[in-house]
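> Fold the stuff below for me.
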Amino acid sequence: MDSILGKVPLDKILKTIGTKKLELDSNEIFGDYLATVNPAIGVPDEFLGFFAYHYAATNIAVSFARPDYALLDLNFPEGYTDDTIEKIMKDFLRECEKYGTRLIGGHTARYRGIEWPIASTTIIGKRVRERERPSPGDTVLLIGEVGLETAWLMGEKIDPRTLTPLPTALQLASAPGLKLLHDVSEGGVYRAIEDIARAYSVAIDIKSNEIPLYPGFPSGLDPLTSPSYGTLIAIANSPPGPLSYCSEKGIKCKEIGKVVARDTTQVLIDGKPQKPRQTLPVETLYSPSLLEKDESMLKLAAESLARILYQNNLLSETGTNIAYLPRDTDNPREVLALDGRIIKTKSGPKICGKPAPGGSTYLANLLIEAKRSGLPYRAAINLRYKKELVEKLEQAGIQVYDASSHEEPCPVIGAIRAGNRAQAYFYKDKPNLEPTLVILGEDPLKLANMIRQLLVENPLQP
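Numbers count the residues shown, from 1 in each chain. Purely as a prediction, here's the structure:
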């Protein structure tokens with residue numbers, strides 16, 4: 001039996017799978033042919049077919065190969081209509097035709113128990129040039145801008161199809177002086193640099209002030225670890241070559257660092273060796289339906305705090321919530337909060353519900369009272385009271401007020417109404433009330449970052 005690759009027998013190809021070295025993005029399966037498999041999950045339905053193709057095809061392209069053949073596995077939750085599935089398939093086929101890829105097989109079905117559609121794509125292609133190992137003195141280039149994907153996930157009106165780096169990656173196969181390409185995916189630019197350093201046992205030094213940042217990148221996030229799909233990292237031994245080539249082709253390209261040593265695996269930022277970076281889980285904002293900007297901010301704050309609050313035993317017994325007052329209102333039903341809670345389970349924290357107006361009457365009324373009193377805070381979170389955290393807040397210069405003497409149904413609201421200005425309030429020893437600490441912030445992300453900074457380096461004692 002002949003394989004889809006023409007002259008090479010299929011059984012011979014199958015025998016070689018897994019015996020060749022693993023590259024950055026693709027497996028070499030036989031000779032010059034490469035294969036990659038990528039899932040697309042949590043992508044809105046209207047873009048799923050597009051990205052089911054582009055995620056996998058880009059991994060082939062950055063390996064300096066053409067996306068020649070495709071296999072597509074589509075799995076849908078029960079209830080997905082034939083019309084929706086057909087549109088996703090047509091979108092995938094449209095991209096195949098555009099880039100000269102032949103769809104040679106696949107699978108499509110609906111399954112009970114699947115929450116979101118899952119598209120898994122295999123792309124096979126022939127290499128057009130070899131990658132070269134980086135050497136000291138080589139230049140690190142960033143192609144594109146950092147943070148466009150994050151801005152889209154955070155609610156900015158961007159057509160995500162414009163993010164794909166596939167056309168650029170295919171063009172760069174002809175760039176003189178280029179040694180290798182790597183796309184930016186999970187973990188952002190930092191993880192992509194780390195991947196290259198690990199794969200080739202080199203040390204790479206990045207200049208933080210040279211990173212080209214998308215002007216609409218949300219404040220409060222680390223640009224080096226935030227999602228930046230569409231960005232490419234290149235290693236070149238001849239900086240004028242790729243830079244001139246990109247300039248001629250209208251491709252944004254900037255030098256951001258150097259390869260500084262060989263036979264060692266290390267990432268440096270401005271000459272300082274880096275430890276593995278903890279990333280905010282911005283990828284959790286992916287879902288079949290996009291969130292608005294304020295909802296995205298609130299969900300990201302909850303996702304970034306859940307684990308650390310659980311580890312420090314700060315989740316309230318009745319459930320922790322986080323709320324946001326994005327605009328002036330006196331209506332609690334217009335204040336965003338989780339319509340569930342962050343709760344403790346035997347296996348860890350669980351975020352129940354999603355951001356929704358009116359998700360927490362308690363925190364909504366608290367934020368409205370804070371606004372009326374002139375406090376400059378729009379976000380609030382309720383935690384289990386712990387003396388150690390109160391001390392950490394005070395040591396960090398954050399004003400804390402003991403609201404235990406107030407007798408209103410909510411002691412914190414009573415304290416604010418009485419004119420006691422602070423950024424954190426707590427009460428304890430109140431009949432029928434769980435000891436509680438409420439912390440306020442300018443917005444959900446700034447509030448989450450402040451709490452994380454207090455707890456990451458010096459966690460509370462169990």
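> can you count the residues close to residue 67?
Residue 67 sits with 28 neighbouring residues when counted by other Cβ atoms under 10 Å. C-beta here means a position set from N, CA and C on the backbone, and glycine is covered the same way.
> close enough to count as contact, it and residue 125?
Yes - in terms of Cβ atoms under 8 Å, residue 67 counts as a neighbour of residue 125; the distance is 4.9 Å.
> what sits in contact with each of these two?
Listed contacts common to residue 67 and residue 125 are residue 60; contacts here mean Cβ atoms under 8 Å, 6 or more residues apart in numbering.
> low-scoring stretches of the stretch 201-350 of the chain, by residue?
Of all residues in the stretch 201-350 of the chain, those with pLDDT under 70 make up the ranges 278-291.
> any idea how the protein splits into domains?
Residue ranges for each domain of the chain read 10-126, 139-273, 291-456, as given by automatic domain parsing.
> Could I get these in TSV, plus columns for distance to residue 132?
Supplementary listing: these in TSV, determined by distance: least, Cβ to Cβ, whole Å:
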stretch	distance to residue 132
domain 10-126	10
domain 139-273	4
domain 291-456	39
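> Can you pull out the residues in contact with stretch 436-445?
Stretch 436-445 is touched from outside by 218-221, 297-298, 300-302, 316, 322, 324, 363, 366, 370, 375-386, 389-390, 393, 412, 423-427, 447-448, 450-451, with contacts defined as Cβ under 8 Å, 6+ apart.
> Quick one: the helices in the stretch 201-350 of the chain, in order.
Listed in chain order, the helices found in the stretch 201-350 of the chain under DSSP state H, counting those that start in this stretch are 240-249, 293-311.
> right, and these - which one's nearest residue 87?
Comparison of the helices of the stretch 201-350 of the chain against residue 87 by Cβ to Cβ identifies helix 293-311 as nearest, at 25.4 Å.
> List the buried residues in the closest one.
Residues of helix 293-311 classed as buried under the neighbour-count rule (16 or more other Cβ atoms under 10 Å) are 294-306, 308-310.
> How much space separates the residue nearest to residue 417 when sequence neighbours are not counted from residue 361?
Nearest-residue entry for residue 417: residue 369, 6.0 Å, with adjacent residues in sequence omitted and distances by Cβ to Cβ, 6 or more residues apart in numbering. Distance of residue 369 to residue 361, computed by Cβ to Cβ, to the nearest Å: 12 Å.
> and if you look at residue 295?
18 Å.
> what's the answer for residue 387, then?
Summarising the geometry, the distance separating residue 387 from residue 361, computed by Cβ to Cβ, is 28 Å.
> Likewise for residue 206?
47 Å.
> With residue 248 instead?
Using Cβ to Cβ, one obtains 60 Å as the distance from residue 248 to residue 361.
> Then residue 367?
From residue 367 to residue 361 the distance is 11 Å (Cβ to Cβ).
> hmm, back to that, counting neighbours, go ahead and name the busier of residue 369 and residue 361.
residue 369 (18 against 13).
> Just the contacts of stretch 436-445: which are in helices?
Judged by DSSP state H, helices contain the following of these: 297-298, 300-302, 363, 366, 370, 389-390, 393, 412, 447-448, 450-451.
> would residue 125 count as being in a strand?
Yes - counting by DSSP: H, G, I helix; E, B strand; the rest coil, residue 125 is part of a strand.
> hang on, it packs against residue 64?
No - with contacts counted by Cβ under 8 Å, residue 125 stays clear of residue 64, the gap being 9.5 Å.
> how long is stretch 323-338 end to end?
Distance between the two ends of stretch 323-338: 7 Å, counting by Cα to Cα, to the nearest Å.
> Equivalent analysis for stretch 178-189, please.
Distances were taken as Cα to Cα; on that basis the terminal residues of stretch 178-189 are 19 Å apart.
> With stretch 242-257 instead?
So stretch 242-257: terminal residues 14 Å apart, Cα to Cα.
> Show me which positions of that stretch end up buried.
Buried residues in stretch 242-257, counted by 16+ other Cβ under 10 Å: 242, 243, 245, 246, 251, 253, 255, 256, 257.
> Rebuild those as a markdown table, extending it with distance to residue 172.
As requested, the buried residues of stretch 242-257 are arranged in a markdown table below (distance: Cβ to Cβ, whole Å):
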| residue | distance to residue 172 |
| --- | --- |
| 242 | 7 |
| 243 | 12 |
| 245 | 8 |
| 246 | 8 |
| 251 | 8 |
| 253 | 9 |
| 255 | 15 |
| 256 | 16 |
| 257 | 18 |
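> ok, so of those, who is nearest residue 189?
Within those, proximity to residue 189 (Cβ to Cβ) peaks at residue 256, which comes in at 8.4 Å.
> residue contacts, the closest one?
Going by Cβ under 8 Å, 6+ apart, residue 256 touches 140, 141, 142, 206, 207, 210, 211.
> at 10 Å what do you get?
139-142, 146, 189, 193, 204-212, 233-234 (Cβ atoms under 10 Å, 6 or more residues apart in numbering).
> Just the buried ones out of these, please.
139-142, 146, 189, 193, 204-206, 211-212, 233-234.
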